[in-house]
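Peer 1: the following comprises the amino acid sequence and a computationally predicted model.
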Amino acid sequence: MSAVIGGGRTADTIHPKESLRSSWGLWTFALLVLMLQLSTLSLWIALVCATQSPALERFTFTEPHMGTIARIVLYAPDESSARKAAAKAFARIAELNLVMSDYNPNSELMRLCAKAGGEPVPIGADLYDVLEKSLAFAKLTDGALDITISPVVRLWRRAKRAREMPSEAEIKQALALVDFRNIKLDSQRRTAQLLVMGMLLDLGAIGKGYAADAALAVLRKHGFPRAMVALGGDIAVGDAPPNAKGWKVGIAPLKDPGENPTHYLLVTNAGVSTAGDAEQYAEIAGKRYSHIIDPKTGIGQIGRRSVTVIAPNATMSDALDTAVCVMGLDRGLKLIESLDGVAALCVFETKTKIVTAQSSRFARLLLTD
Ligand code: ADP
Ligand code: MG
C-alpha cells in the first residue's frame, strides 16, 4: 500500500506504533468488508429461499378416452391443484375426440366427410390444424400415411368381424377413394374440401398423439410443465421430473406387450409412440393382418411389426410410427435418419426370424443402468 500517512511520510518509514495503528485500521477495514459480504450472502440466501418453489409431489390420474386409457402423471405442490389441472387436460382430450373421432357420426370430422364431393366446408381451428399436419406427414412419407385410408380400414374392420377376406373388387373400389391430394385446405377461409364423393377420413394414425400433445400443453399452461400424458401407445412428455434427467419410458417386447419392457428410454419434451399389430389385427384363414394398411395395396400388414418412434412431439411420433410400419425397414429408417431429433426402433417378424433395427440416434436415448 503506498498511501501517504500524515506529514509527508511514506508508509514504509512509519513508526511501529503508527504502523500498529495503521494495521488496526486494516483489521477494521477487513472486518467491515467481511461483515458486508456476510450480510450480502445472507440476503442472497433469503432471496433464494423466498423464490424456491415448495417440494413437488408426483400425482397420477387415469380416465378412459379415445377408446383407450388416458394417463396423466404430473408433479405439483399439492393434490388439489394437480387434480384440477389433470381434469382440464382430460377435458381437452374429450373435446378433441368430439372433433376427430371416426366412430362418432356427429364428430366434426364425420360432418365434414358427409359433405365429400361438395363445396368447401368451414371448420374449427383444431380440425384445421390436425388436417394440415396430417397432409404434411402424408407428403413427407410419400403417402405411406394417408388419412383418406378410411374406406379400406372399414372394409378390414368388417373382414375382421366376419373372419373373411375382402374381395379384390371391394379393395379396388375402396382404394379408388384413397388419395390425400383430394383434400383441399384453405387457410384464409379455414375451410376443408373433400374433392371426391364417398371419401372418408380416419385420424386413427395421428389423433392420439395430437391429443396427448394438446393435453400436455394444457398442463404446461396451468403451471405444470413437469408432466406426461399417455394415450395408449402414444406418449407426450414435458420437462423432466424433479431431480431427474428425464422421463423413463419402457418399450414392450413384440410378442407380449404385457411382459417387461425390452428397452428403457430417458426423454424430455418429446413424443414417444409405438405402432404395431400387438393388440389390433384380424386373423383370417390362419393369417394375421395388421390394422395398419398400405395405401398402395389396400392390404393390412402381414407379419408382426412393432415400430417405436421418438420425436420432438407426439403428433410427429404417432404419424411416423404408422408410416414406418407401412414403409418397411429400409425406407422407414432412411426417413427417420433424415429428420432432426427423431429416432426409431423397429422390430419386424419375417418368415424365419425377428429382425430388430434401430436408427443412429436411438442408442443415445437409452437408459443404460
Ligand atoms: P394405434 O396406436 O391405435 O395402434 P396407430 O398409430 O398404429 O394407432 O394407427 C393405426 C390406425 O391408423 C388404424 O387403426 C387406422 O385407423 C389408421 N390407419 C391404418 N393404416 C393407415 C395408413 N396407412 N395411413 C393412415 N392411417 C392409417
Ligand atoms: Mg400412429
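Peer 2: Happy to help now that I have it. Numbering: from 1, shown residues only. Ligands and ions are numbered 1, 2, ... in the order given.
Peer 1: get me the contact residues on this protein for ligand 2.
Peer 2: Neighbours of ligand 2 within the chain, by C-beta under 5 Å from the ion: 205, 275, 318, 321-322. For glycine as for every other residue, the C-beta is placed from the backbone atoms N, C-alpha and C.
Peer 1: and the closest residue to ligand 1 within the stretch 251-369 of the chain, what does it touch?
Peer 2: The minimum distance from the stretch 251-369 of the chain to ligand 1, using C-beta to the nearest ligand atom, falls at Ala275 (3.2 Å). If you count contacts by C-beta atoms under 8 Å, 6 or more residues apart in numbering, Ala275 has them with 205, 233, 292, 306-307, 309, 318, 321-322, 324-325.
Peer 1: how is it assigned, secondary-structure-wise?
Peer 2: strand (DSSP: H, G, I helix; E, B strand; the rest coil).
Peer 1: what residues are bridge-paired with it?
Peer 2: Beta-bridge partners recorded for Ala275 (DSSP bridges): Val307.
Peer 1: quick check, pLDDT for it.
Peer 2: With respect to pLDDT, Ala275 scores 91.
Peer 1: quick one, what contacts the residue nearest to Ser101 when sequence neighbours are not counted?
Peer 2: Nearest residue to Ser101 in three dimensions, chain neighbours excluded: Ser107, at 4.3 Å (C-beta to C-beta, 6 or more residues apart in numbering). Ser107 makes contacts with 97-101, as judged by C-beta under 8 Å, 6+ apart.
Peer 1: what is the nearest of those to ligand 2?
Peer 2: Here the nearest of these to ligand 2, counting by C-beta to the ion, is Met100; it sits at 13.1 Å.
Peer 1: determine the set of other helices and strands touching the particular helix or strand that has Ala82 in it.
Peer 2: According to DSSP states H and E, Ala82 maps onto helix 79-100. Secondary-structure packing of helix 79-100 (3 or more C-beta pairs under 8 Å, 6 or more residues apart in numbering; DSSP states H and E): strand 57-65, strand 68-76, helix 108-113, helix 125-140, helix 207-221.
Peer 1: pLDDT (mean, whole number) over the shortest one?
Peer 2: Spelled out, it's helix 108-113. What helix 108-113 shows for mean pLDDT is 98.
Peer 1: now the fourth one
Peer 2: If you average the pLDDT over helix 125-140, you get 98.
Peer 1: for the second one, same thing?
Peer 2: Confidence over strand 68-76 (mean pLDDT, whole number) is 98.
Peer 1: near ligand 1 at all, that strand?
Peer 2: No - if you take C-beta under 6 Å from any ligand atom as the test, strand 68-76 misses ligand 1, and the best it gets is 7.4 Å.
Peer 1: packing partners of that strand?
Peer 2: Against strand 68-76 (3+ C-beta pairs under 8 Å, 6+ apart) you get strand 57-65, helix 79-100, helix 207-221, strand 227-231.
Peer 1: report whether the second one contacts ligand 1.
Peer 2: Okay, so that is helix 79-100. No - using C-beta under 6 Å from any ligand atom, helix 79-100 stays clear of ligand 1, coming no nearer than 11.3 Å.
Peer 1: then that helix to PDB, C-alphas only?
Peer 2: In PDB, the C-alpha atoms belonging to helix 79-100 read as follows (Å, rounded to 0.1, in the frame of the first residue of the first chain):
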ATOM      1  CA  GLU A  79     -53.200 -32.900  -4.800                       C
ATOM      2  CA  SER A  80     -56.000 -30.400  -5.300                       C
ATOM      3  CA  SER A  81     -54.100 -28.200  -7.800                       C
ATOM      4  CA  ALA A  82     -52.800 -31.400  -9.600                       C
ATOM      5  CA  ARG A  83     -56.300 -32.800  -9.800                       C
ATOM      6  CA  LYS A  84     -57.700 -29.600 -11.200                       C
ATOM      7  CA  ALA A  85     -55.000 -29.400 -13.900                       C
ATOM      8  CA  ALA A  86     -55.500 -33.000 -14.800                       C
ATOM      9  CA  ALA A  87     -59.200 -32.500 -15.200                       C
ATOM     10  CA  LYS A  88     -58.600 -29.700 -17.600                       C
ATOM     11  CA  ALA A  89     -56.200 -31.800 -19.600                       C
ATOM     12  CA  PHE A  90     -58.700 -34.700 -19.800                       C
ATOM     13  CA  ALA A  91     -61.400 -32.300 -20.800                       C
ATOM     14  CA  ARG A  92     -59.200 -31.100 -23.700                       C
ATOM     15  CA  ILE A  93     -58.800 -34.800 -24.800                       C
ATOM     16  CA  ALA A  94     -62.600 -35.300 -24.700                       C
ATOM     17  CA  GLU A  95     -63.000 -32.000 -26.700                       C
ATOM     18  CA  LEU A  96     -60.600 -33.200 -29.400                       C
ATOM     19  CA  ASN A  97     -62.300 -36.600 -29.500                       C
ATOM     20  CA  LEU A  98     -65.500 -34.900 -30.400                       C
ATOM     21  CA  VAL A  99     -63.600 -33.200 -33.300                       C
ATOM     22  CA  MET A 100     -61.600 -36.100 -34.600                       C
END
